[in-house]
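*Asks:* Need the 3D shape of this:
(chains A and B)
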2 protein chains.
Amino acid sequence: MRLGALEAGGTKMVCAVGDEAGHIEKRAVFPTGTPDETVPEMLAFFEKEQIEAIGIASFGPVDLRVGSDTWGYITSTPKNGWANYDICGAFTGKLGVPAGFDTDVNGACLGELLYGNGRGCSSLVYITVGTGIGMGICAGGHLIHGMLHPEAGHMLLRRAPGDDFAGICPYHGDCLEGLCCGPAIGARYGIPAAEIPADDPAWRYTAYYMAQAAVNLILTVSPERIILGGGVMGQPRLLPMIRRETERLLNGYLKASQLQDMDSYIMEPGCGGDQGILGALELAAGVCK
Amino acid sequence: MRLGALEAGGTKMVCAVGDEAGHIEKRAVFPTGTPDETVPEMLAFFEKEQIEAIGIASFGPVDLRVGSDTWGYITSTPKNGWANYDICGAFTGKLGVPAGFDTDVNGACLGELLYGNGRGCSSLVYITVGTGIGMGICAGGHLIHGMLHPEAGHMLLRRAPGDDFAGICPYHGDCLEGLCCGPAIGARYGIPAAEIPADDPAWRYTAYYMAQAAVNLILTVSPERIILGGGVMGQPRLLPMIRRETERLLNGYLKASQLQDMDSYIMEPGCGGDQGILGALELAAGVCK
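*Replies:* So this is what the prediction gives:
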């Protein structure tokens, strides 16, 4: 099958054409402007391609409720022009093909499950730590939607002893995202996260909070693996610290073979940045099944 | 179909015979002794009944991994004689029928989903607050298993300002169960939870921690409803307090119609205590499909 894929992000739109086996034949990247600016460019890319379906993995919040009048919409985003925008309809209408739709992070979770470090798992958590913190969750081979979709970047956590940073989340202050996303780390130290030295104690707080999130996810959905991606995870010291801290917080409570080797339980993405677009391609394949 | 059901608990074993529509024809309750004491009594009950399958919803931890050599076992429990016990095999061998198997709380979740206050939902969280805290989770119509199964009673939480009770969980101290299960409330105040007056400030802490758990579950699996059962929830003031506190902690972040009416979003069980055995009956029906 010839399939279209769109990874719709707040800063860039990745478009690709590929097949149901995850082969990407061509791609194009457009900066995210308003829908009036950006959608026509993307349509022009796809219109030449004879695709059978399109998969869209989008920044959110999005409406994934089957049967909803606004299924396929981006809902309450502050991003200019995209609030209550029918992103699926914009493509299905002009291209005359069906669309598969999910969150960007559920898309990345699916990509990792099929082609990355989640291969062989049927339950997987994907967390991206960047401008915000997003989570995609696959349980028993199915991406979790529910009432809305996972928003576990806003999980409430206990504070590290001595940490009095208020956090930057406008809703919750010191939720996970409010403490650990890139802008939160930047606000805490007054310099961008990427410029904080590897041996700075700053990373201890980040590791502690990320590990708490990992523990609560393990206790809730019991994933067979956790994948951590996003810009903040570009700091190479962080992943080993999170693994050790997760083990310390679990304190031997769960008896599972997977937890015996934290290096293979909490991992970096295996798709080299293509997990989102590969997941979108699979969303397209899914509507053709 | 004529089906057998067993709700295997740490203090009692509820056995029933019924059908795939949730009609219970007869039942028997046996105190939980050792397997040598209790299993023969239960077998004697079922052997007369001509059942086609048995569903077992058991205290845990249990092995639910399809293909595992120890699928159908209770694993690392401290309960006398039940550690590494093949509870499914004890029934399938003697009765010559297949078994459906899950945790007691996943069973109760399923019972509420089909016959209780979870009717109409495809994603539901069931929490029981009693001797321990257990959670069953259904997402997209499927009970969540994963690497093990939900153990979210041990979720890590932030402490209420001024609360310095250490908690009683031998693994985590002040996790949710360590702070809010019946014995924790008893240890905190020196009297059984059931004897604490309705207007005692004690319930404020319990409501705060239970609400945090609800918030983190909402952000993670996005259930369409949350059901709270178990002995501690017998205190009638607690449920309204948890609803208000959940709303306060979410702070308007999620836009979902279900959250507009917390009275119908966080509810008591609707099966009058039969949610577990009804779920077990459905586990039996499931293996006949």
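*Asks:* Show me which residues of the stretch 151-289 of chain A sit near chain B.
*Replies:* A:151-159, A:171-172, A:212, A:215-224, A:249, A:251-256, A:258-259 (C-beta under 8 Å from any C-beta of the partner chain). For every residue, glycine as well, the C-beta is placed using N, CA and C.
*Asks:* Next secondary structure after the top helix by length along chain A?
*Replies:* Using DSSP state H, we find that the single longest helix of chain A is helix A:202-221. Moving toward the C-terminus from helix A:202-221, the next helix or strand (DSSP states H and E) is strand A:225-229.
*Asks:* Now do that next one: which elements does it pack against?
*Replies:* Helices and strands touching strand A:225-229, as assessed by 3 or more C-beta pairs under 8 Å, 6 or more residues apart in numbering or on different chains; DSSP states H and E, comprise helix A:104-115, strand A:124-129, helix A:202-221, helix A:262-265, strand A:266-267.
*Asks:* would you turn these into TSV with mean pLDDT and mean neighbour count?
*Replies:* Shown next, in TSV, are these (pLDDT from 0 to 100; neighbours: other C-beta atoms under 10 Å in any protein chain shown):
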stretch	mean pLDDT	mean neighbour count
helix A:104-115	98	28
strand A:124-129	98	30
helix A:202-221	96	24
helix A:262-265	98	15
strand A:266-267	98	22
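*Asks:* relative to helix B:202-221, how tilted is the longest helix of chain A?
*Replies:* If you take axes from the mean of the first three to the mean of the last three C-alpha atoms, to 10 degrees, helix A:202-221 sits at 90 degrees to helix B:202-221.
*Asks:* show me where the stretch 1-150 of chain A has strands.
*Replies:* All strands of the stretch 1-150 of chain A, identified by DSSP state E, counting those that start in this stretch, fall at A:3-8, A:12-18, A:24-31, A:53-58, A:99-103, A:124-129, A:133-139, A:142-143.
*Asks:* Among the ones you listed, single out whichever gets nearest to A:Ile74.
*Replies:* strand A:53-58 (6.0 Å; C-beta to C-beta).
*Asks:* Convert the C-alpha atoms of that closest one to PDB, please.
*Replies:* Provided in PDB are the C-alpha atoms of strand A:53-58 (Å, rounded to 0.1, in the frame of the first residue of the first chain):
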ATOM      1  CA  ALA A  53      -5.000   6.600   3.400                       C
ATOM      2  CA  ILE A  54      -3.300   9.100   5.600                       C
ATOM      3  CA  GLY A  55      -2.300   8.700   9.300                       C
ATOM      4  CA  ILE A  56      -2.100  11.800  11.400                       C
ATOM      5  CA  ALA A  57      -0.300  11.900  14.800                       C
ATOM      6  CA  SER A  58      -1.000  15.300  16.100                       C
END
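*Asks:* Quick one: distance of it to the chain centre.
*Replies:* 14 Å (C-alpha atoms, centre = their mean, to the nearest Å).
*Asks:* who does that strand touch, helix- and strand-wise?
*Replies:* strand A:3-8, helix A:87-95, strand A:99-103, helix A:104-115, helix A:275-288.
*Asks:* Arrange those in JSON lines, one row each, with distance to B:Met42 as further columns.
*Replies:* Shown next, in JSON lines, are these (distance: least, C-beta to C-beta, whole Å):
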{"stretch": "strand A:3-8", "distance to B:Met42": "54"}
{"stretch": "helix A:87-95", "distance to B:Met42": "53"}
{"stretch": "strand A:99-103", "distance to B:Met42": "45"}
{"stretch": "helix A:104-115", "distance to B:Met42": "40"}
{"stretch": "helix A:275-288", "distance to B:Met42": "44"}
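*Asks:* Looking at these, spot the one closest to A:Ile133.
*Replies:* The nearest among the helices and strands packed on strand A:53-58, by C-beta to C-beta, is helix A:104-115 at 9.3 Å.
*Asks:* Would the closest one count as contacting chain B?
*Replies:* No: using C-beta under 8 Å from any C-beta, helix A:104-115 stays clear of chain B, with a minimum separation of 11.5 Å.
*Asks:* where's A:Glu112 relative to B:Arg119, distance?
*Replies:* Taking C-beta to C-beta, to the nearest Å as the measure, A:Glu112 falls 35 Å from B:Arg119.
*Asks:* repeat for A:Pro78
*Replies:* 37 Å.
*Asks:* between these two, who's got more neighbours?
*Replies:* B:Arg119 (12 against 7; other C-beta atoms under 10 Å in any protein chain shown).
*Asks:* re earlier: turn the helices and strands packed on strand A:225-229 into TSV, columns for distance to A:Leu176.
*Replies:* Formatted as TSV, the helices and strands packed on strand A:225-229 follow (distance: least, C-beta to C-beta, whole Å):
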stretch	distance to A:Leu176
helix A:104-115	14
strand A:124-129	9
helix A:202-221	5
helix A:262-265	19
strand A:266-267	15
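*Asks:* Can you name the residue of the stretch 1-150 of chain A nearest chain B?
*Replies:* Here the stretch 1-150 of chain A gets closest to chain B at one residue, A:Gly146, 3.1 Å apart by C-beta to the nearest C-beta.
*Asks:* what about that residue, neighbour count?
*Replies:* 27.
*Asks:* could the strands of the stretch 1-150 of chain A be laid out in CSV, adding distance to B:Gln235?
*Replies:* Supplementary listing: the strands of the stretch 1-150 of chain A in CSV, determined by distance: least, C-beta to C-beta, whole Å:
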stretch, distance to B:Gln235
strand A:3-8, 47
strand A:12-18, 52
strand A:24-31, 56
strand A:53-58, 44
strand A:99-103, 38
strand A:124-129, 34
strand A:133-139, 32
strand A:142-143, 36
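*Asks:* do you know which of these lies nearest B:Ala108?
*Replies:* strand A:133-139 (18.5 Å).
*Asks:* which one of the strands of the stretch 1-150 of chain A lies closest to B:Gly4?
*Replies:* strand A:133-139 (28.3 Å).
*Asks:* and the angle for that closest one with helix A:275-288?
*Replies:* Angle between the axes of strand A:133-139 and helix A:275-288 is 40 degrees (criterion: the same axes, to 10 degrees).
*Asks:* Read off the pLDDT value for A:Asn199.
*Replies:* Actually, residue A:199 is Asp. It isn't Asn. Here, the pLDDT recorded for A:Asp199 equals 84.
*Asks:* show me the contacts for it.
*Replies:* With contact set as C-beta atoms under 8 Å, 6 or more residues apart in numbering or on different chains, A:Asp199 has these partners: A:Arg237.
*Asks:* I'm done for today, thanks for sticking with me.
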